[in-house]
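Asks: Below is the structure, and that's it, no one-letter string:
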């Protein structure tokens, strides 16, 4: 049972009720499916250090999964500094229903999600640090948790782009509810210490950080990085993306590299191939059911 305060029963009824069947069909990319193609279809990506390229990987992964015929929802939990709206051309507008207004109970989850074909996006619009603070409450995390369980059957895969902020109530809820957590590393030595700190803190919060966490390595330089840290920390690396300057340039332009930015270089082609391998591996881990 939820413990709502200050007459917020009306908020949850509003959040959990979409206005029409047509809206639900639009969000799910077609007719309502009561069973998604992926069993464990709620995944979280989190960078273990700043600037490791988590949001870029999430956007390219969403595009790659869409190309495989899946319906995708991308949730950007970076309230003050979101990025996914750039990749998916979601217009930022003041007073527009978004992640924050939904968390605060001002509108439904359906009104807050924008559909871009087979990829839908839930993101914050033009928000400030104060909005982030206002959303760091038990009520907001309960709203998020309840809505996630409601909309999971509508999408084949829900990908959460999470900031590395385990103390945030909403982020903590997202990592707790995620079927699998994919941490993004680069060559920064801080990734090693931050990873172990994150796993310890997450475990104290009840998150299975040692069982459902895997690593995506995203090279930011051409420097060789040893496998030793991953072996010592007992971490499985399921993708290893190469350094390619064009990838960084594509991200700065808000382009999905696998769609528009791929150049003719060897590393660019390898990046696209590795993204396909990552998508396939995530589907295998999630229990993908090929209905064809």
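Replies: Thanks, I have it. From a predicted model like this one, the values you see are computed outputs, not experimental measurements. Numbers count the residues shown, from 1 in each chain.

Asks: which residues of the stretch 51-200 of the chain fall in helices?
Replies: For the stretch 51-200 of the chain, the helices defined by DSSP state H, counting those that start in this stretch occupy 54-67, 84-87, 99-103, 109-112, 129-134, 138-151, 169-177, 190-204.

Asks: now the longest one, how far from the centre of its chain.
Replies: What it means is helix 190-204. 19 Å (CA atoms, centre = their mean, to the nearest Å).

Asks: Which residues in the helix or strand following that helix does the neighbour count mark as buried?
Replies: Using DSSP states H and E, the helix or strand that follows helix 190-204 towards the C-terminus is strand 213-218. Judged by neighbour count using 16 or more other CB atoms under 10 Å, the buried positions of strand 213-218 are 213, 214, 215, 216, 217, 218. All C-beta spots, glycine's among them, are computed from the backbone N, C-alpha and C.

Asks: next structured bit after strand 213-218?
Replies: helix 228-232.

Asks: Any buried residues in that next one, and which?
Replies: 229, 230.

Asks: Now do the helix or strand that that helix is followed by: which elements does it pack against?
Replies: With elements assigned by DSSP H and E, the helix or strand that comes after helix 228-232 is strand 237-241. Contacts defined by 3 or more CB pairs under 8 Å, 6 or more residues apart in numbering; DSSP states H and E place strand 237-241 against strand 213-218, helix 266-286.

Asks: returning to that earlier point: just send the helices of the stretch 51-200 of the chain back as TSV, with distance to residue 223, mean neighbour count and mean pLDDT too.
Replies: Below are the helices of the stretch 51-200 of the chain laid out as TSV (distance: least, CB to CB, whole Å; neighbours: other CB atoms under 10 Å; pLDDT from 0 to 100):
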stretch	distance to residue 223	mean neighbour count	mean pLDDT
helix 54-67	19	24	96
helix 84-87	27	22	94
helix 99-103	36	24	96
helix 109-112	41	22	93
helix 129-134	34	14	93
helix 138-151	39	19	94
helix 169-177	30	21	94
helix 190-204	13	16	91
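
Asks: Distance to residue 243 for these - can I get that in TSV?
Replies: TSV is the format used below for those (distance: least, CB to CB, whole Å):
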stretch	distance to residue 243
helix 54-67	13
helix 84-87	20
helix 99-103	32
helix 109-112	36
helix 129-134	32
helix 138-151	35
helix 169-177	28
helix 190-204	15
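
Asks: of those, which approaches residue 290 most closely?
Replies: Between residue 290 and these, the tightest spacing by CB to CB is seen for helix 54-67, at 13.6 Å.

Asks: Run the angle between the closest one and strand 213-218 for me.
Replies: Comparing the axes of helix 54-67 and strand 213-218 via axes from the mean of the first three to the mean of the last three CA atoms, to 10 degrees yields an angle of 100 degrees.

Asks: Now do helix 54-67: which elements does it pack against?
Replies: strand 42-47, strand 72-76, helix 84-87, strand 119-122, strand 157-162, strand 213-218, helix 266-286.

Asks: returning to what we had before: out of the helices and strands packed on strand 237-241, deepest packed?
Replies: strand 213-218 (a mean of 22; mean count of other CB atoms under 10 Å).

Asks: List the contacts of stretch 269-289.
Replies: Identification of contacts with stretch 269-289 by CB atoms under 8 Å, 6 or more residues apart in numbering yields 37-41, 43, 60-61, 64-65, 68, 157, 179-180, 182, 214, 216, 238-242, 244, 247, 257-258, 262.

Asks: Narrow the residues you listed to just the buried residues.
Replies: With burial judged by 16+ other CB under 10 Å, the buried subset of the contacts of stretch 269-289 is 37-38, 40-41, 43, 60-61, 64-65, 68, 157, 179-180, 182, 214, 216, 238-242, 244, 247, 257-258, 262.
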